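>>> curious how this folds, go ahead:
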Amino acid sequence: MSEANSRSIVSNQPSLHDKLDEIVTKHLQAEFKKPVAEHTQRAFDEVNARVQAFDGPIILDSCCGVGESTANLAKLHPDALVIGIDKSSHRLEKHDVEYKQTDAGQYLLVQADLNDFWRLAVAANWQPTHHYLLYPNPWPKAKHIQRRWHGAAVFPFIVKLGGVLEVRSNWDIYVKEFARALQLAGHPTPVEPYHSDTAITPFERKYWASGQSSTRLVIKLP
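Numbers count the residues shown, from 1 in each chain. Predicted structure coming up:
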């Protein structure tokens, strides 16, 4: 399928999920006790050593895919260490083929489960200046609400990480739900259409080439 014919989101959910408030409130009030996977603990320990030794801003690029966004964010924030995190080794392995570390910025990529990685980062008192979720998988079927990050048990840890949180998607309901979840956590957040002359992820390039629009939220969390 060519980029100009990228599929639009198809969902049986026409607006915010009717159980969103109930689910988010439950997760905000509960303790997340799932054990941390050993492979993510190892990956985090390696990255944490770099973070603790780095004297500058830390930026997270979660769900970074092939890491194109991570490389681009490093160019936009040349004084920062940008950490791209994705669960898929297959996607991350494509990075070395298409991108090279340059003098334009510092970044590293790590394979990890974000359900564990975010909790470890909070426990280690990471304080990222920015946190990007530029292609959160929307899981558009209504029954999959708890697979969306704002409907997942780990959502409170996204809030606890703080910094400037930016979420973008080609499914506006996803971003509106995320904003509602942030509101329930005490952080009212505006949602807006997003336009740019330059796509920094492969998905944005694909959406825009096929005439789809993007929606985003940006909020500075304490």
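>>> nearest residue to the spatially most central residue of the chain in space, please, no chain neighbours.
In the chain, the residue lying closest to the centroid (CA atoms, centre = their mean) is residue 133, at 2.4 Å. Distances taken as CB to CB, 6 or more residues apart in numbering place residue 167 nearest to residue 133, at 4.6 Å, with adjacent residues excluded. C-beta coordinates here come from the backbone N, C-alpha and C atoms, glycine included.
>>> who touches the helix ranked longest in the chain?
If you go by DSSP state H, the chain has its longest helix at helix 38-53. Applying CB atoms under 8 Å, 6 or more residues apart in numbering, the contact partners of helix 38-53 are 58, 81, 83, 108, 110-113, 116-117, 120-121, 124, 126.
>>> pretty sure residue 170 sits against residue 207.
Yes - counting by CB atoms under 8 Å, residue 207 is a contact partner of residue 170 at 4.5 Å.
>>> identify the contacts common to the two.
213, 214.
>>> hang on, the earlier thing: isn't the residue nearest to the centre of the chain up against residue 63?
Yes - counting by CB under 8 Å, residue 133 does reach residue 63; the two are 6.1 Å apart.
>>> circling back: closest to residue 142 out of the contacts of helix 38-53?
residue 113 (24.5 Å; CB to CB).
>>> and the closest one, how many neighbours does it have?
18 (other CB atoms under 10 Å).
>>> distance of it from residue 146?
Separation of residue 113 from residue 146 (CB to CB, to the nearest Å): 16 Å.
>>> do residue 62 as well
18 Å.
>>> quick one: find the helix or strand in the chain with the lowest mean pLDDT.
helix 95-98 (a mean of 58; mean pLDDT, DSSP states H and E).
>>> next SSE downstream of that helix?
Counting by DSSP states H and E, the next helix or strand C-terminal to helix 95-98 is strand 106-111.
>>> tell me what that following strand is packed against?
Applying 3 or more CB pairs under 8 Å, 6 or more residues apart in numbering; DSSP states H and E, one finds that strand 106-111 makes contact with helix 38-53, helix 68-76, strand 81-86, helix 89-93.
>>> in the first one, what counts as buried?
Along helix 38-53, the positions that meet the burial threshold by neighbour count (16 or more other CB atoms under 10 Å) are 40, 43, 44, 47, 51.
>>> now the last one
The neighbour-count check on helix 89-93 (16+ other CB under 10 Å) flags 91, 92 as buried.
>>> and the nearest residue to residue 56 once chain neighbours are set aside, how many residues sit next to it?
Leaving aside its sequence neighbours, residue 56 sits nearest to residue 79 (CB to CB, 6+ apart; 5.4 Å). Residues lying near residue 79 (other CB under 10 Å) number 9.
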